[in-house]
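[1] Below are the sequence and a predicted model; questions follow.
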Amino acid sequence: METQKSSKSSAKLITYLALVLFCLVILLLPNILRNSEYPPGEEAYYHYRFAKMLGAEKISDNLSYSGRDNFMPLSTPYLLYILNKTFNIGLFNAGRIFLLILGLISFTFFYLILEKFEYNIKSLSSLILIISPPFIYLYTVLTRFALPITLLLIIIYLFIKNKKNLFIILNILLALVDIYFALICITGFLLVSLFYKKADTKKTLILLVLELALVPILWNFFAPTNSVIQLRTLIFDFGATYGLSLFAILTVFSSIFFFWKKKKEFYIPYFLLIPGLILLIFEHWAIFLLSFIIAFISAYAIILMINDKWESYLIKNLTIWILICGIIFSGASFITHSFNLEPTQATVNSFSYLNELNNDSIILSSKDNGYLINYFGKKNFYDDFSFGVEKKDNLVNDIFLSSKNLEDILTYLNNTNLDYILITTEMKRQIWNNEEKGLIFVLNILQKNPNDNFKRIYKDENIEIWRYNKGEIQ
Amino acid sequence: MKLNKYIIALIFVILLSRFIFEFSTPEFSNGKSYFYIKQIESIKDTGKVSQTEAQNINLLTLSPLFSYLLVPFSIFGNGGIKIFISLLIVFAAIVLFYFSKLFCKDEKICFISTLLFSFSPVLFKITLNKISLIPIILFLMLGIIYFSLNLKFKNNITYFIILSFILALISPMSILIAFALIIYLLLMLSESMKLERLKGEAIIFCIFAIIFSNLLIYKNVLFSSGLQGLTQNTPLDPLNIEFASLSIINLILSVGVLILIFGIIGLIASIYSKPPEYVLINLAFIISTIILLISRTINPYIGLLILIAPLTLFSAKGLELLYEYYKKTKLIRFKRGFYIFIILLFLISNVYLSLDAGNQTIKNSITSEEINTLQWLKDNLPKSALILTSPEESHLITYFIERKTVWDDYTLSRIEIEEKTKDIQTIYTTNSETKALNLIKKYEINYIYFSNLTKEKYLVKEIEYANDKTCFERIRNGNPEIIKIQC
């Protein structure tokens, strides 16, 4: 009996270690095979810039044209700074190691949260999670979400394990890391302490749903966002940067059809999907949270399909294989796609021309380039976190797309303090659809008929930079 | 499936009617056919499909399986390919015949309704003397639906799986069947009908297989253009021209009056009482095709053709109802009178229009005069020349002349293709030289290919501004006329 128990636990340990190894390989692959020494993701450069700043001067976002002080949580830059200072490995490597550690921790706690479930469900859920595009993105591209989501998983584990003291400490820590996530946890904590008496799963779930739905609704009531849900931004296979796997979603849907009679076994994960989907209406990053829930439901459904009796053995095998291959396919596609995530080496090389410009220069470009412009020490016109992004977006679209009149463009530009306009080939593709219209049309005419207001000072295959001088139309 | 006299008659009538037209010319009747010919030649030479077709061609949206399937038949030249396409129509008709037996017990009526399908004008217009994916898609779709209703019979599951995979691998149009199956499940639910477990499994499998295959083959298209990419932009030209030209009268005449009348009668009668599964699955097919047609996701003529298949089945039911009524009248003394009357109606409405559509199609086939001109152009035009053609003829140029064209039907950007279509139309139809020159400059066009087909398509007799000899030179007169741009 003893030997049987110990061999079982050693088998579990081996499985866990194998999964850790697999997670390590998957999270390392995009970094190893990336064709650039620069890490992926625009927002990452905000964190790197602040981490660099921490050692040198007082912290204020002096490069924000919008006049904000600092909008983004500084926990990630602080940790990067400490990691870099301690091991002296350079900020980029510190970022990579930081994400890798967080990835392994979050995977481990996801595995531990599923402790009560069968061994094969737990293992398959972990596998599906590891190869899901949102998980790989979260722990290979530096964003403000990696740290709070990892902490959230630990807090959920502590909640399940009823470790009250640690639960409170980590909630406080989360509040320091990210106030938004902390709000979710604190309301959860309050609701649970007020109404939760003893181990009652149903009640706990209702509280969780209430909590997770309440915070985003209230938050958006006071600070509305303009999140637009589109299929293309939700599903990776349809072109989303970090969308969910199409086949993981299909597995969730098919489980409803196949196991309607066994719905009692499913109500916990489906119940958890509801707050995730509500959150998704307001916050696109909810995809990261959903990927954990969807990984679990898909694994659960696949295991049930395998154990279930089908009328046709052939159809059963083929269907299960298609589902598994589809899920692997999305993960593999994401890994290959991630090698070339922006900014590529070529983009960074082009942007380094910005070093030649005056330090106080303000550069008009798309908001995606905002952090990178800041990284090279120049003020951006706006980025994801600027005040009134929506308003600026509309203005930029007006000026970029609609206007073919130099007078209109100058009237607008004269009301700003802009010094340069930076246009990338990606912007030409996305904003202008590679067509000669709006600002591109005007600039091309100016190129042929030189003008004192506009002068192209730099052009390569990735970007072109125009200097703008205020004044009357020439 | 047992061969009976009706099947033999179907094979004979369909093949004869098609071969009379198809073998009256050694060439094909549309430019797209030459695109496939080029692919076949490339497969024979290199084992792979050609990747360097034209200026903008993006083979990301093209599944190579169909071209590979054509290779063995191409051994017998163009004739072999024509036989293969016609055989696919025959197979589709045979499946329809057996399928219609579920709707109507009288084999004669089933035979007549299948003939209505085989001689619908739109079928002749789209598939006669043309290499087209439609016949194989139609055959595979009908096969999948037929087998899905009879899964309990031996081997039907295997056939169902094979057909599902082939359809999924052959065209993104397979999404239509996945969509129809989902609607079928919803209809079953709304009718509170119990879905057999085996059927449910097969449907889920089919939907997954189609989605997975499309994801696998069109990964890059989906990633760059989303679901819109899978429409292959085929409906985009029709958005402006073909959809607009489809008046109600045109629509009725294209489908065939009899199929439409009896199809609608049969449909209403079938869903009036509690409809059986085979009715629901066809209804789902009709609903999904109409949705895709309304959303302009599929070409209107292809949509109509797909719509005809389930309507044919309902028309069998409609004809049976009419026969039931006929039996109650005194006319029943002339039992054969009913069939003669229906066949007469069929000859007047369908056969006449189909033969007319066939004549028109053959008239549009490439002529020896055109081939001579194309050969001359191949020898005399610079390799870098960019030629303006109507969308239908672009593949003709790339095949015969091996030069780039402005238009092709594999461009992914919907906006780009819509603008291009409009611009091409303007160049051919405008009287303003300035307007035309601006557009010619925009696309850097060197030559304009002006054929009879272009004249018919854009309703123009000549390009008037080309009379300005400072900017234009007619280097070839007749059909086609070739205009060189000089400024």
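    That came in fine, so what should we check first?

[2] pLDDT (mean, whole number) over the helix or strand harbouring A:Phe135?
    Assigned by DSSP states H and E, A:Phe135 falls within helix A:133-138. Mean pLDDT, helix A:133-138: 94.

[3] which other residues reach it?
    By CB atoms under 8 Å, 6 or more residues apart in numbering or on different chains, the list of residues contacting helix A:133-138 from outside reads A:26-27, A:30, A:103, A:129-130, A:145-146, A:149, A:236, A:240-245, A:287-288, A:290-292, A:295, A:330-331, A:334-335, A:338. Any C-beta I mention is one placed from the backbone N, CA and C, and that applies to glycine too.

[4] near chain B, which residues of the stretch 251-400 of chain A?
    Within the stretch 251-400 of chain A, the positions lying close to chain B (CB under 8 Å from any CB of the partner chain) are A:254, A:257-258, A:310-312, A:314-316, A:318-319, A:322-323, A:325-326, A:329, A:333, A:337.

[5] Give the buried subset of the residues you listed as a PyMOL selection command.
    Command for PyMOL, covering only those of these found buried under the criterion 16 or more other CB atoms under 10 Å in any protein chain shown:
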select buried, chain A and resi 254+258+310+311+312+315+316+318+319+322+323+325+326+329+333+337
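
[6] Which of the residues of the stretch 251-400 of chain A next to chain B fall in helices?
    A:254, A:257-258, A:314-316, A:318-319, A:322-323, A:325-326, A:329, A:333, A:337 (DSSP state H).

[7] measure the spatially most distant residue from the centre of chain B to chain A for me?
    Most distant from the centre of chain B: B:Lys330, at 43.9 Å, with distances by CA atoms, centre = their mean. With distances taken as CB to the nearest CB, to the nearest Å, B:Lys330 is found 52 Å from chain A.

[8] That residue and B:Ile463, how far apart?
    65 Å (CB to CB, to the nearest Å).

[9] B:Leu396 too?
    Applying CB to CB to B:Leu396 and B:Ile463 gives a distance of 19 Å.

[10] and these two? which has more neighbours close in?
    B:Leu396 (28 against 23; other CB atoms under 10 Å in any protein chain shown).

[11] per-residue pLDDT, the residue lying closest to that one once chain neighbours are set aside?
    Nearest residue to B:Leu396, sequence neighbours excluded (CB to CB, 6 or more residues apart in numbering or on different chains): B:Gly31, at 3.8 Å. For B:Gly31, the model assigns a pLDDT of 80.

[12] likewise A:Leu124?
    93.

[13] What helix or strand is it located in?
    Here A:Leu124 is covered by helix A:119-130, with elements defined by DSSP H and E.

[14] So which elements touch that helix?
    helix A:2-32, helix A:91-113, helix A:286-307 (3 or more CB pairs under 8 Å, 6 or more residues apart in numbering or on different chains; DSSP states H and E).

[15] Outline the domain layout of the chain.
    By default, I'm working from chain A. A:2-33+A:73-338, A:345-468 (automatic domain parsing).

[16] my bad, the chain I had in mind was chain B
    With automatic domain parsing as the reference, chain B has domains B:5-30+B:61-363, B:368-485.

[17] Out of these, the one nearest A:Pro73 is which?
    domain B:5-30+B:61-363 (31.8 Å; CB to CB).

[18] Flag the helix or strand of the chain with the lowest per-element mean pLDDT.
    In the absence of a named chain, this looks at chain A. Taking mean pLDDT, DSSP states H and E as the measure, chain A has helix A:201-222 as its least confident helix or strand, at a mean of 61.

[19] Please refer instead to chain B.
    For chain B, judged by mean pLDDT, DSSP H and E, that is helix B:236-240, with a mean of 41.

[20] need the helices for the stretch 1-150 of chain B, in chain order.
    B:5-22, B:31-46, B:65-74, B:77-103, B:107-118, B:121-127, B:134-149 (DSSP state H, counting those that start in this stretch).

[21] for chain B, longest helix please?
    helix B:300-328.

[22] which residues in the stretch 251-400 of chain B form helices?
    Using DSSP H, counting those that start in this stretch, helices in the stretch 251-400 of chain B cover B:257-272, B:277-294, B:300-328, B:335-346, B:352-363, B:368-380, B:394-400.

[23] The closest residue to chain A within chain B: how many residues sit nearby?
    As assessed by CB to the nearest CB, chain A sits closest to B:Leu198 within chain B, at 3.8 Å. Counted with other CB under 10 Å, residues neighbouring B:Leu198 total 16.

[24] pLDDT score for it?
    Taking B:Leu198 on its own, its pLDDT is 85.

[25] shouldn't it be in contact with B:Phe153?
    No: contact between B:Leu198 and B:Phe153 fails when scored by CB atoms under 8 Å: they sit 11.3 Å apart.

[26] B:Cys197 and B:Lys152: what is the separation?
    To be clear, residue B:197 is Arg; Cys isn't right here. Separation of B:Arg197 from B:Lys152 (CB to CB) stands at 11 Å.

[27] Same question for B:Phe472.
    Taking CB to CB, one finds B:Phe472 at 69 Å from B:Lys152.

[28] and if you look at A:Lys264?
    For A:Lys264 relative to B:Lys152 (CB to CB), the value is 31 Å.

[29] again, but for A:Leu289
    From A:Leu289 over to B:Lys152 the distance is 44 Å, taken as CB to CB.

[30] Which one of those two is surrounded by more residues?
    Shown here are A:Leu289 and B:Lys152; by other CB under 10 Å, A:Leu289 has more neighbours (22 against 11).

[31] thought that one was touching A:Leu279?
    Yes: using CB under 8 Å, A:Leu289 is in contact with A:Leu279, at 6.9 Å.

[32] How about A:Ile421, nearest residue that isn't a chain neighbour?
    With sequence-adjacent residues excluded and distances taken as CB to CB, 6+ apart, A:Ile421 is closest to A:Trp466, at 4.4 Å.

[33] how would you label that neighbour: helix, strand or coil?
    Following DSSP: H, G, I helix; E, B strand; the rest coil, we place A:Trp466 in the strand state.
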